[in-house]
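[1] sequence plus predicted model, see below.
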Amino acid sequence: MATAAFDTSAVRAALEEYPPLSAVQARVAVVGGFVRDVWLGREPRELDLVVEGDAAALARSLGGEVAVHDAFGTATASGEGWRIDLAMARRERYPAPGALPEVEPASIEEDLARRDFSVNAIAVTLPDGELIAVEHAREDLAAGRLRVLHERSFVDDPTRLLRLARYAERLGFEVEPLTARLARDAGFETLSGGRLGAELRLVLAEADPVAVLARVAGKLPVALDPPLVEAALGLAPPESDRGMLVLGASVSEADWLEGLELTARERAVVLACRDARVPADTTPSALWRAWRGAPIEAVAVAGARGDGEAARRWIEKLRHVRLEIGGDDLIAAGLSEGPEIGHRLERTLAAKLDGDLAGGREAELRYALERET
Ligand code: ATP
């Protein structure tokens with residue numbers, strides 16, 4: 001473990017927007033992505049603290065809201081404009097490949113040794129700014145290189161395969177040759193679907209999830225088509241679940257999805273995207289029949305696979321078209337309640353979409369009342 005007099009002032013300066021950490025009694029350090037990103041001149045995404053002792057007690061001492069998470073002794077403290085994740089320094093033992101580790105309290109130095117890659121196994125103690133890093137960490141950070149800390153790393157925890165792909169892509173780092181070989185020989189077989197699904201969500205939230213997936217494509221049932229995904233993302237409106245769109249456009253085995261513990265909504269989006277096609281008839285009313293109730297992400301994928309203009313018309317305009325009348329108007333005009341009201345409204349909307357109505361409430365009401373179902 002290398003400890004060194006290194007200029008850690010940039011890390012401490014980056015902490016200015018957080019509550020003062022100088023009053024803390026326990027040995028505590030900023031760790032992982034925060035240190036890495038500040039040194040790389042990147043905006044850090046979140047602040048992780050590791051503490052030799054009780055993380056929940058430290059969280060409470062910061063003021064603000066505190067949530068204590070799990071048996072691993074992790075907590076989150078947050079307030080106006082800040083959020084800090086805290087964890088007890090620990091050593092880990094993997095009872096079986098792919099299983100969750102058994103943990104026990106340890107020093108910050110030992111905690112770094114359980115981490116994924118050398119560039120993430122760097123800590124800066126508070127308040128004095130002592131740098132603690134595993135072997136190779138600083139040279140790897142300087143060279144832009146990802147290196148596991150030991151040969152069993154991917155066997156112990158295959159989620160690290162996805163983490164490797166994410167960092168390589170996001171940071172533009174190369175993969176150190178032994179790490180690359182170990183990654184090539186490893187797979188996700190021992191990993192539970194739930195943990196794989198959780199890690200996949202992180203992949204799908206990256207700026208270029210297809211590029212990340214491409215790095216592990218041989219290990220997952222996906223068939224990647226970058227231009228298709230790009231076209232679909234170009235069509236998808238802002239409220240879309242872009243991650244699930246990417247997964248749905250790429251997945252090649254529906255069965256595999258079952259184990260991933262997706263939410264019902266996520267699963268619906270993925271399955272709809274997987275099978276999405278533009279119908280042969282692209283008149284507005286036909287699009288409405290095909291796509292009403294369909295996840296908007298699936299329409300975007302359908303457009304990328306076929307008639308993009310039809311999908312664009314649906315997304316930008318047709319899906320927003322509504323009648324000015326409702327069932328109450330037809331009942332007030334003398335029709336009795338029942339399914340026929342719905343049929344008449346649907347046919348009237350179809351006519352409105354196809355431009356067969358003069359426009360306005362009166363024309364809609366007349367059309368809905370006059371026509372036989
Ligand atoms: P980012 O949030 O930018 O993706 P990060 O490094 O902050 O990167 P987190 O997922 O928040 O990533 O994890 C925090 C730190 O915990 C990591 O830097 C790493 O040291 C460690 N870590 C996270 N997941 C693992 C894992 N599966 N195996 C080993 N260490 C891990």
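    Received it, and whenever you're ready, just let me know what you need.
[2] please count neighbours and contacts with C-alpha atoms only from this point.
    Fine.
[3] and the longest helix anywhere in the chain, what other elements does it pack with?
    Ranked by residue count under DSSP state H, the longest helix found in the chain is helix 339-353. Applying 3 or more Cα pairs under 8 Å, 6 or more residues apart in numbering; DSSP states H and E, we find helix 339-353 packed against helix 284-291, helix 327-332, helix 361-370.
[4] so can I have a markdown table of those showing mean pLDDT and distance to the ligand?
    Putting the helices and strands packed on helix 339-353 into a markdown table (pLDDT from 0 to 100; distance: least, Cα to the nearest ligand atom, whole Å) gives the following:
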| stretch | mean pLDDT | distance to the ligand |
| --- | --- | --- |
| helix 284-291 | 96 | 36 |
| helix 327-332 | 95 | 51 |
| helix 361-370 | 94 | 53 |
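[5] can you say which of those helices is packed in most?
    For those, the largest average neighbour count (mean count of other Cα atoms under 10 Å) is found in helix 284-291, namely a mean of 18.
[6] how far off helix 339-353 does that helix point, in degrees?
    Orientation of helix 284-291 against helix 339-353 (axes from the mean of the first three to the mean of the last three Cα atoms, to 10 degrees) gives an angle of 130 degrees.
[7] for my notes, confirm Ile84 occurs in a helix.
    No - Ile84 is assigned strand when assessed by DSSP: H, G, I helix; E, B strand; the rest coil, not a helix.
[8] you'd agree Gly243 is up against Asp208?
    No - if you go by Cα atoms under 8 Å, Gly243 and Asp208 don't touch, sitting 10.2 Å apart.
[9] between these two, who's got more neighbours?
    Shown here are Gly243 and Asp208; by other Cα atoms under 10 Å, Gly243 has more neighbours (22 against 15).
[10] contact partners for the more buried one?
    Contact analysis of Gly243 by Cα atoms under 8 Å, 6 or more residues apart in numbering lists Arg201, Leu204, Ala205, Pro209.
[11] cool, and Ala351?
    Residues in contact with Ala351 (Cα under 8 Å, 6+ apart) are Ser285, Leu357.
[12] quick one: it from the ligand, how far?
    51 Å (Cα to the nearest ligand atom, to the nearest Å).
[13] in TSV, list the helices and strands packed on helix 339-353 along with distance to Asp275.
    Shown next, in TSV, are the helices and strands packed on helix 339-353 (distance: least, Cα to Cα, whole Å):
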stretch	distance to Asp275
helix 284-291	13
helix 327-332	34
helix 361-370	34
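[14] mind checking those helices for the one nearest to Ala10?
    Taking Cα to Cα as the criterion, helix 284-291 is the member of these that comes nearest to Ala10, at 52.5 Å.
[15] ok, residues contacting the closest one?
    Pro279, Asp281, Val299, Ala310, Trp314, Leu318, Arg319, Leu349, Ala350, Ala351, Leu353, Asp354.
[16] do the same with stretch 193-202
    Outside stretch 193-202, the residues that touch it by Cα under 8 Å, 6+ apart are Thr159, Leu162, Arg163, Phe188, Gly243, Gly259, Leu260, Glu261, Leu262.
[17] and the host helix or strand of the second one, is it in reach of the ligand?
    With the criterion set as DSSP states H and E, the secondary-structure element containing Leu162 is helix 159-171. Yes - Helix 159-171 is in contact with the ligand by Cα under 6 Å from any ligand atom, via Thr159, Arg160.
[18] now do the same for the closest residue to Thr125 other than its chain neighbours: helix, strand or coil?
    Excluding the flanking residues, the one nearest Thr125 by Cα to Cα, 6 or more residues apart in numbering is Ala29, at 3.9 Å. The local conformation at Ala29, judged by three-state DSSP, is strand.
[19] gap between stretch 53-62 and the chain center?
    28 Å (Cα atoms, centre = their mean, to the nearest Å).
[20] and that stretch, which residues are buried?
    Gly53, Asp54, Ala55, Ala56, Leu58, Ala59, Arg60, Leu62 (16 or more other Cα atoms under 10 Å).
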